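*Asks:* after the sequence you'll find the predicted model.
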Amino acid sequence: MQQLLEHLQQQQLLELPSAPVYVKVSRTLLFRALLGEPELWPVALKNSFNGKVSELFSSRFGLQRHEYESVLPSELLEQAINLPEDMDQLVSRVSEFNTPLQALVAPTRAGVCAYFQQQGLADAEKLLLLDVGYSGTIQKLLTRLLQRDTHGFYFIATKPGAAKVDQHTAFMQGTFKEGVALGDGYHLLDRSLFIECLLTAPHGQVVDIRQEHDGRFRFYYGRKAATQRHFQDLQAVHHGAVEGVAHALRHGVDYSVEEIELLYKTFLSSRSALPPGVWHLFSADDDISGNGIVNPLDLFAI
């Protein structure tokens with residue numbers, strides 16, 4: 001998206017009040033940075049998960065084995081849980097370790113805050129966020145971490161409007177649709193995993209940020225999905241998409257929301273509707289839910 005906005009600016013097809021900034025962030029990174037804060041548990045544990053507590057802290061919070069074993073007792077780590085059903089019970093147990101957990105992730109939190117400061121997130125007059133997601137989890141976590149109001153634009157916003165986060169507000173706005181939830185039958189949302197695969201970064205998801213003594217940042221990433229391993233192919237798709245948008249704007253071609261919805265549904269109606277040369281690009285890391293690498297073509301039986 002940053003490449004698109006910058007290209008449109010260079011071609012004088014779009015005017016922005018300030019240059020767009022690409023920020024490396026993920027739910028896992030923010031869950032880790034905020035680990036041990038009482039307000040985090042209901043947010044971090046509400047999504048489905050089935051497995052051991054140790055696996056949860058590894059996949060959802062990005063902790064390595066030696067890290068969670070240094071804080072949490074083995075009997076708790078070996079406990080099998082099913083979220084969100086067991087959330088209240090688990091929150092009660094892990095809350096006993098809030099203080100040592102905060103101490104454990106203090107270097108991460110310091111690195112993340114310094115990185116956001118460098119990127120201008122703390123200084124911008126108005127913080128506008130663009131995300132392909134729909135629930136606003138990352139935005140709300142950023143609002144809490146930065147302690148400032150935020151405004152987010154999404155492809156789809158399941159719960160649009162203002163959400164109170166501490167003493168601040170996270171305002172969410174949908175582009176194509178608002179007020180729909182997963183499973184409601186809205187194709188752009190129910191199969192949004194395809195969009196996420198195509199708008200991914202060249203690296204695995206960022207799970208930790210540390211600031212070095214010289215001020216530089218060291219980024220730690222999760223494993224790569226097939227999309228990242230073949231990122232040069234995805235770049236070709238990106239370049240074509242950017243040129244397509246520029247061509248449309250240059251010649252006054254636009255698409256209604258209904259037309260975009262129809263095109264999206266048509267291309268995902270059958271595997272044969274997609275060029276075989278891009279099938280390998282549909283791969284995503286869903287470790288945060290304990291599902292590992294998932295292929296939406298197989299997941300939706302296309």
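*Replies:* Everything's here; your move.

*Asks:* have a look at this protein and report its longest helix.
*Replies:* helix 231-250 (DSSP state H).

*Asks:* residues in contact with it?
*Replies:* 3-4, 7-8, 11, 13-14, 198, 200, 202, 227, 253-255, 277-278, 280-281 (CB atoms under 8 Å, 6 or more residues apart in numbering). For glycine as for every other residue, the C-beta is placed from the backbone atoms N, C-alpha and C.

*Asks:* and if we set it to 10 Å?
*Replies:* Contact partners of helix 231-250, identified using CB atoms under 10 Å, 6 or more residues apart in numbering, comprise 1, 3-8, 10-14, 197-203, 224, 226-228, 253-255, 275, 277-278, 280-281.

*Asks:* need the buried ones from those residues selected in PyMOL.
*Replies:* Under the burial definition 16 or more other CB atoms under 10 Å, those of the contacts of helix 231-250 that qualify are selected in PyMOL by:
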select buried, resi 5+6+7+8+197+200+224+226+227+228+281
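
*Asks:* A strand includes residue 218, no?
*Replies:* Yes - membership of residue 218 in a strand is supported by DSSP: H, G, I helix; E, B strand; the rest coil.

*Asks:* need the nearest residue in space to residue 80, chain neighbours excluded.
*Replies:* residue 52 (5.9 Å; CB to CB, 6 or more residues apart in numbering).

*Asks:* strands of the chain, start to end?
*Replies:* 49-52, 80-83, 128-131, 150-157, 161-165, 168-178, 206-211, 217-221, 284-285, 293-294 (DSSP state E).

*Asks:* what's the neighbour count on the residue nearest to residue 80?
*Replies:* A count of neighbours around residue 52, defined by other CB atoms under 10 Å, yields 16.

*Asks:* then residue 59?
*Replies:* 22.

*Asks:* before we move on, what about residue 206?
*Replies:* Quick note: residue 206 (other CB under 10 Å) scores 20 neighbours.

*Asks:* I'd guessed it sits against residue 200; true?
*Replies:* No - counting by CB atoms under 10 Å, residue 206 stays clear of residue 200, with 11.9 Å between them.

*Asks:* and the gap between residue 134 and residue 104?
*Replies:* 31 Å (CB to CB, to the nearest Å).

*Asks:* the two: which has the busier surroundings?
*Replies:* Ranked by neighbour count (other CB under 10 Å), residue 134 and residue 104 place residue 134 first, with 22 against 19.

*Asks:* what's near enough to touch residue 180?
*Replies:* Contacts of residue 180 (CB under 10 Å, 6+ apart): 134, 156, 157, 158, 174, 186, 188, 189, 190.

*Asks:* go on, residue 298?
*Replies:* Here residue 298 is in contact with 271, 282, 283 (CB under 10 Å, 6+ apart).

*Asks:* what of residue 20?
*Replies:* Here residue 20 is in contact with 1, 2, 3, 4, 5, 6, 9, 128, 130 (CB under 10 Å, 6+ apart).

*Asks:* switch these over to a markdown table; also include distance to residue 59 and pLDDT.
*Replies:* Formatted as a markdown table, the contacts of residue 20 follow (distance: CB to CB, whole Å; pLDDT from 0 to 100):
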| residue | distance to residue 59 | pLDDT |
| --- | --- | --- |
| 1 | 27 | 84 |
| 2 | 28 | 87 |
| 3 | 30 | 88 |
| 4 | 31 | 91 |
| 5 | 32 | 92 |
| 6 | 34 | 92 |
| 9 | 38 | 92 |
| 128 | 31 | 89 |
| 130 | 26 | 88 |
